[in-house]
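A.B. asks: need a structure here:
(4 chains)
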Amino acid sequence: MKKVLAIITAIGVGLAVVIAYFLRPLLDPMLELLLQWGIILGSVAALVGIINLLITHWHKIRQKKEHFVFSFVVLLSFALSFMGGIVLGPQDETYIRWLAALQVPIEVSLMALLALTLTYAGFQFFRMRGWTPLSLAFGISALLFLILDIGFFQALELPFVNQIIEFLEHLPLAGGRGILIGISLGALLTGLRVLFGVERHYGE
Amino acid sequence: MTRLAALIMIGAAVVLLAFFWLLKRKNPYAGLRTLAPFKPLEKARLQAIEDGSRMVIMLGNSLLSQEVSISGMGGMPILKKLADQAVLGDHAPIAMSGEGSLACLSQMILAGAYRDGLAPELFSNDQSQFAGASPFAYLAACLAEGFDDNNSALVLAGHFRPEMVLLADLAGREGLFCLADSDAPGAQALFYASTMHTLIGEEFYAGGANLRIHPLQAASLRTQDVLRILIAVTLIVGVALKLMGII
Amino acid sequence: MQLGLASALNALKAEDDKVSGSLFPEAEKDLPDLLRDLHEENSSYVRAVESSSVSQSSVVDEGSGQKVEQPAESKAGEDIPEWLKKVRQRVGDEGDAYGDLVKKVSARDSSLEEDVDKELRGQFEDWIGRLRSDAQQEAARDGFEPLDEEGLQGEIPAWLRHLRESKGVLPNLPEGMDRWSTSDAGEKLPDWLGDTGEESQAATGKLKAEGMPNGTGITQQIRLRGSGELQEQQPLAEQEHKTNLVTESEDLGAQAADLSLELDDITRQMQVSHASLGGATGGLSSQAVEEGFWEERTEHPMLRVARSQRSRAELLKALVAAEGKPAEKQAAQRRRKTWLFRLLLALLLLTAVIFPFLSISSQTPQTGTLPLEAQALMDSINALESGSPVLIVTDYQAGFSAEMEQVAGLLIRHLAQKQVQMVLLSTYPEGVWLAERLLDVSLTDDAFSQVREQAVNLGFLPGGRIGLLSYAINAQTSFAEGVWESSNLESVNHVNDFSMVLILADTLDSARSWLEQTGPSLIDTPMLMVSSTQEAAMMMPYLDSGQLAGMLSGLRNAGLYEAALGDTVMASTIWSAYQAGLLVMAALFLVGFVIGLETNARTNQEEERKK
Amino acid sequence: MSMVDLIIGIISFALTVMVFSYIIGDNFFFRLAVYLLVGVSAGYVAALLLTSVIIPKLIQPLFIGAMETRLLALIPLVLSAMLLAMLIPRFVRIGSIPMAYLVGVVAALTIGGVTMGTIIPQMVATVNRFAPAALLDGEGQPWLKIVDAVLVLIGTITSLLYFYFGTRKKSKGENKQPQLIEGLGKIGQVFIGITLGALFAGIYSAALVALISRIAEIWVFFGNFFRL
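C.D. replies: Sure thing, here's the model as predicted:
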């Protein structure tokens, strides 16, 4: 019974929003109400996810699973960060300062780690991918754009060289447009399957 | 004009979808290209059951925070296929989501798998985790979970930001099987360079048909093929008319 | 595990039926009694479990760790098939796999100690005797020389011997010998099989004398031998057997080893009985011959073991032996192989990037021409009037704050020079405090202090794309009550009322969402972008289609923009380190390309050689 | 340098080294930094969601405003309660209705957004490049603009056809695309490779800037520290 109700909800709400989307601004009030409820449910789902995160780490501690010590770190840092946000407010200067002091170094370092690990990917690329039109184009293009980004040729300030560089820098546009249209077609059909009531992972 | 053109495209897609669904009811999956990475994925799945190791399925984030994205749901067919082994293997697969709504959806799929396996009491919420509240926190939690010694495979299926390629690097370091399947072009570029089993462009949306989840998934691929040919023809005709100054 | 043992016994029984069908005369088709007893025992055990009227089974609740009474019939139980109910019942009864193993073994021991009596001992000896007498009658009918009392001695027909020799099954007869005798054969047997015949009888005799329950003879002996104690100790009679067995039965590892030896011994019993008749029968099943019946063996050369038999026995032995031992991860070996090389490459890049910090400190402006899209962005900002509202969207993660503050900081300063009214918001939770940080880092000069105070941070726009469309429809209801009213934005009621929308994005996701959901609502308000280098290539289609009016991305273009503004020039150490890092990656690609050429050539040669 | 800046500088340096220890392999320090980030970001997001969405949009409307809006506010409250019920394993299925609502809304936005925001505008832009005025007037060499427009048209069509999912009719079981489409797809591979290669270089550059900024920050911190 719950499954049928869920399918009807998805199809009904989906059709209502699509119709209102294309008839804008005619049905804007109804569209806005449906969107506001969607925003609330999206945020509640995020909170349910965060509570699930805390319960998972609490189970790890209680069952003394491997690395359960770090679950203490998660719960403790969550408590401090959450209480700070509630008491001082998410936009308080002191709160933001300490939040940035912890979050910025770790996230920027993870991003820096990406550079260090891509060195191995760059080195073993041709050995792994072999020789196909795709891999050759990929390798040569990556090499070309790395060298262009160094700025050596631009510094020569030769008009003809600049025009070639500008032409080369616009080359990714064609492939990018093809990929974008392809991905959009896939997303369009997936959305239609939801409105057909076929893509119903919510009803498992 | 854009709105009219969009409506025409959506109408064409709906008609073609229904047409191919009815046309190919008997054998919906015949005549479709099979994607290479799904065979090793099946092998890795059976291997995980055989040697009692664990598969970790990462469903990525949504396009933006606090929403469920269509591309995030693109990874669900793979989770559904791997969830069926939840009842068979020694270690149930772990689904890690970077978005609250994806965590709820994956929980339903895993719970459904145990219910289909007539063992609902064996399902616990820990198998479907909400790993992190921000993309980098999600990446960090997945890296920590990826180091677990019970793992034998990391399956990335969903919407990923480029920095998630650290997980493919971790799979390479730890000698794990890794399937990287995303709809984000940036992530596709890095996955293509760092792991063997990856999909490019819109192949991400062909997972459902390859795993034979529902006949309408196969009809979708056929509809996409016809639409791409219509787009190509429209571009050529449009260019011709533009050169002639008609439009 | 319980299922595993039952199925293993069934497999052995099926195998035995197949082989015995061809070797034993029709009348003797049924199993040797010992094997049948073991089989009945096992099925009686299964029947005992089924019939048990236990309506409740207790399952350890993984979450709470205590036993939880579970209804034996789960709600969905009415339509569950019978066989599956038994499977779930058994899983529920015995908890985890090891508990099941211990229960099975101890159940067998106790049933053997209570039930087996003198009659089984007699049956066993009758069985051996009947097998031998039948073999002799068979041999007499087929014209072979009857086997003598000890069994294995006998004239092997010439054709059989040549066939075996050609298959390398029988080692060439030493000089002067034309047939095998038990003692020679015995030498080839592994120690523990070699003495099966005589020693087991002697041991059994001793057991009887010591008053041990007869039934334990064979099994007890095997268990002790299995645990490696029989060889070192004094003869069994002097042992205090009750205590050893009790301590042993608690050690799960030893139990697994005992079981494997017990099954192994049954397999040996069957093989020995086959072998003793082997010489006498010519009627081998065609399948056995086909499977290379006389393939390489380590056991008694006279043994006739089909390859499928052998592989099943070894698989069974390996499976049982592997229980309880952590599987050696092949990944661990693969990990060591690439780990060091990845570390060296990372250190190489780290060194290349640190080096400019040690040597360079001067500041030289960037040279080159600003790309068209960056020029369009500069022109748009230059066209703004003082006090006009500009919406700045800080949709990037803290991980990109380094790059974005470097590149976007330029535009914030440029906008501040134009004295515009800045309105900030973000669809990412982190974007809220990153916006504050961006203003603090960029507007450090006193000249910008007034612009800094007037800047309004609307905070978090929740809901992702749902929130974007809602914002495009009605900007005020998208934010918490009072946020909009307190931000003195009288002139702005709709997103179209902004003079410019500037999106600071680290990936294509945020840009696409704004372009798809809010873009169609913007009539004459230009949408511009500051993008991380990360996905700037995917922004080009939107620039080309005019959906984006201008874009600035990358450290180099920021340097050129800065030079064009006449602003303070970016430190050259950062720029030199950036160039060094790019050179390292370019070099790695080239080296990889050359190595790829070489490995590709080698693989082509190998393929040609194979063809 | 104030005491707070000193502490923040030391924390920043320590966290950077702990994250970089990933290169050596799994270790205590890396996990500590990683789980610290998970806890801190979850706490902040939870606080932000409560203060800027749940309280103002879900709870306050129940008590403020006209009776009609207060009754309407009950619907999202009930749906939210069903979502919260999913935290209990036995009631996971109750959350299917609010999840269906969310999925339905996002599916509709995707259908509208991708068609009006990406597919149609990109097709129009490809055709508009061939406008005679755009080709002949304006900056740049006309022949270069013509070549550029033709390349974009060919690249867009061939990279679209590279993903063709159908296979040849005659080739039973063979995984081959129709002849013409396979040929065009090979050209499309080149254009897709160029785009993905450019993305690889771009992402590496962004990561490189992050690496340089970490080193620069630590360099400046130690410079000021030793100058104390």
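
A.B. asks: what is the rounded mean pLDDT of stretch B:152-170?
C.D. replies: Mean per-residue pLDDT for stretch B:152-170: 90.

A.B. asks: Please apply the same query to stretch B:194-206.
C.D. replies: For stretch B:194-206, mean pLDDT is 88.

A.B. asks: Looking at chain B, which strand is longest?
C.D. replies: strand B:151-159 (DSSP state E).

A.B. asks: Could you identify the helix or strand that succeeds the helix or strand bottoming out on mean pLDDT in chain B?
C.D. replies: Counting by mean pLDDT, DSSP states H and E, the weakest-scoring helix or strand in chain B turns out to be helix B:70-73, with a mean of 69. On the C-terminal side of helix B:70-73, the closest following helix or strand by DSSP states H and E is helix B:76-83.

A.B. asks: Looks like D:Ser96 contacts A:Ile7 (just checking).
C.D. replies: No - using C-beta atoms under 8 Å as the test, D:Ser96 is too far from A:Ile7 to be in contact (9.0 Å). Every residue, glycine included, has its C-beta placed from N, CA and C.

A.B. asks: The two: which is more packed in?
C.D. replies: Just comparing D:Ser96 and A:Ile7: by other C-beta atoms under 10 Å in any protein chain shown the higher neighbour count belongs to D:Ser96, 27 against 21.

A.B. asks: in which helix or strand would I find that one?
C.D. replies: In this assignment (DSSP H and E), D:Ser96 forms part of helix D:96-114.

A.B. asks: Tell me if whichever helix or strand comes after that helix is near chain A.
C.D. replies: Using DSSP H and E, the next helix or strand after helix D:96-114 towards the C-terminus is helix D:120-128. Yes - legend: contact between helix D:120-128 and chain A by C-beta under 8 Å from any C-beta of the partner chain is shown at D:Gln122, D:Met123, D:Ala125, D:Thr126.

A.B. asks: dump the residue contacts of the third one.
C.D. replies: Remark: with contacts taken as C-beta atoms under 8 Å, 6 or more residues apart in numbering or on different chains, D:Ala125 is in contact with A:Arg177, C:Pro541, C:Asp544, C:Ser545, C:Gly546.

A.B. asks: give me the number of residues near the third one?
C.D. replies: Here the neighbour count serves as a burial measure; for C:Asp544 (other C-beta under 10 Å) it reads 22.

A.B. asks: That one contacts A:Gly176, doesn't it?
C.D. replies: No - C:Asp544 is beyond contact range of A:Gly176, at 9.4 Å (criterion: C-beta under 8 Å).

A.B. asks: Low-confidence stretches in chain C?
C.D. replies: In the predicted model of chain C, residues C:1-80, C:83, C:88, C:90-121, C:138-303, C:322-337, C:360-366, C:476-491, C:568-572, C:611 satisfy pLDDT under 70.

A.B. asks: For it, give the residue positioned nearest to chain D.
C.D. replies: C:Glu516 (2.8 Å; C-beta to the nearest C-beta).

A.B. asks: Show the model's pLDDT score for the residue nearest to the spatial centre of chain B.
C.D. replies: With distances taken as C-alpha atoms, centre = their mean, the residue of chain B nearest its centroid is B:Gly75 (2.8 Å). The score at B:Gly75 is 76. That number is its pLDDT.

A.B. asks: residue contacts, it?
C.D. replies: Counted by C-beta under 8 Å, 6+ apart, B:Gly75 has contacts B:Ile57, B:Leu59, B:Gly60, B:Ala157, B:Gly158, B:Asp181, B:Gly207.

A.B. asks: Export those to JSON lines and append columns for neighbour count, distance to C:Leu438 and secondary structure.
C.D. replies: Rendered in JSON lines, the data for the contacts of B:Gly75 read as follows (neighbours: other C-beta atoms under 10 Å in any protein chain shown; distance: C-beta to C-beta, whole Å; DSSP: H, G, I helix; E, B strand; the rest coil):
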{"residue": "B:Ile57", "neighbour count": "26", "distance to C:Leu438": "36", "secondary structure": "strand"}
{"residue": "B:Leu59", "neighbour count": "31", "distance to C:Leu438": "31", "secondary structure": "strand"}
{"residue": "B:Gly60", "neighbour count": "29", "distance to C:Leu438": "27", "secondary structure": "strand"}
{"residue": "B:Ala157", "neighbour count": "27", "distance to C:Leu438": "34", "secondary structure": "strand"}
{"residue": "B:Gly158", "neighbour count": "32", "distance to C:Leu438": "30", "secondary structure": "strand"}
{"residue": "B:Asp181", "neighbour count": "29", "distance to C:Leu438": "35", "secondary structure": "strand"}
{"residue": "B:Gly207", "neighbour count": "25", "distance to C:Leu438": "39", "secondary structure": "helix"}
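
A.B. asks: Pick out the most distant pair among these.
C.D. replies: B:Gly60 and B:Gly207 (13.1 Å; C-beta to C-beta).

A.B. asks: Just the CA atoms of stretch A:137-152, as PDB, please.
C.D. replies: Taking C-alpha atoms only, stretch A:137-152 is exported to PDB below (Å, rounded to 0.1, in the frame of the first residue of the first chain):
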ATOM      1  CA  ALA A 137      44.000  12.600 -27.800                       C
ATOM      2  CA  PHE A 138      43.700  12.700 -24.000                       C
ATOM      3  CA  GLY A 139      47.500  12.400 -23.400                       C
ATOM      4  CA  ILE A 140      48.500  15.000 -26.000                       C
ATOM      5  CA  SER A 141      45.800  17.400 -25.000                       C
ATOM      6  CA  ALA A 142      46.700  17.200 -21.300                       C
ATOM      7  CA  LEU A 143      50.400  17.700 -22.200                       C
ATOM      8  CA  LEU A 144      49.500  20.700 -24.400                       C
ATOM      9  CA  PHE A 145      47.300  22.500 -21.800                       C
ATOM     10  CA  LEU A 146      49.900  21.900 -19.100                       C
ATOM     11  CA  ILE A 147      52.500  23.600 -21.300                       C
ATOM     12  CA  LEU A 148      50.100  26.400 -22.400                       C
ATOM     13  CA  ASP A 149      49.300  27.100 -18.700                       C
ATOM     14  CA  ILE A 150      53.000  27.600 -18.000                       C
ATOM     15  CA  GLY A 151      52.700  30.800 -20.000                       C
ATOM     16  CA  PHE A 152      56.000  30.500 -21.900                       C
END
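
A.B. asks: Please spell out which residues along that stretch are buried.
C.D. replies: Within stretch A:137-152, the residues that count as buried by 16 or more other C-beta atoms under 10 Å in any protein chain shown are A:137-151.

A.B. asks: Out of these, which one has the lowest pLDDT?
C.D. replies: For the buried residues of stretch A:137-152, the pLDDT minimum is A:Gly151, 83.

A.B. asks: was I right about that residue contacting C:Gly368?
C.D. replies: Yes - with contact defined as C-beta under 8 Å, A:Gly151 reaches C:Gly368; the gap is 6.3 Å.

A.B. asks: if I look at those two, which residues touch both of them?
C.D. replies: Here A:Gly151 and C:Gly368 share the contacting residues C:Arg556, scored by C-beta under 8 Å, 6+ apart.
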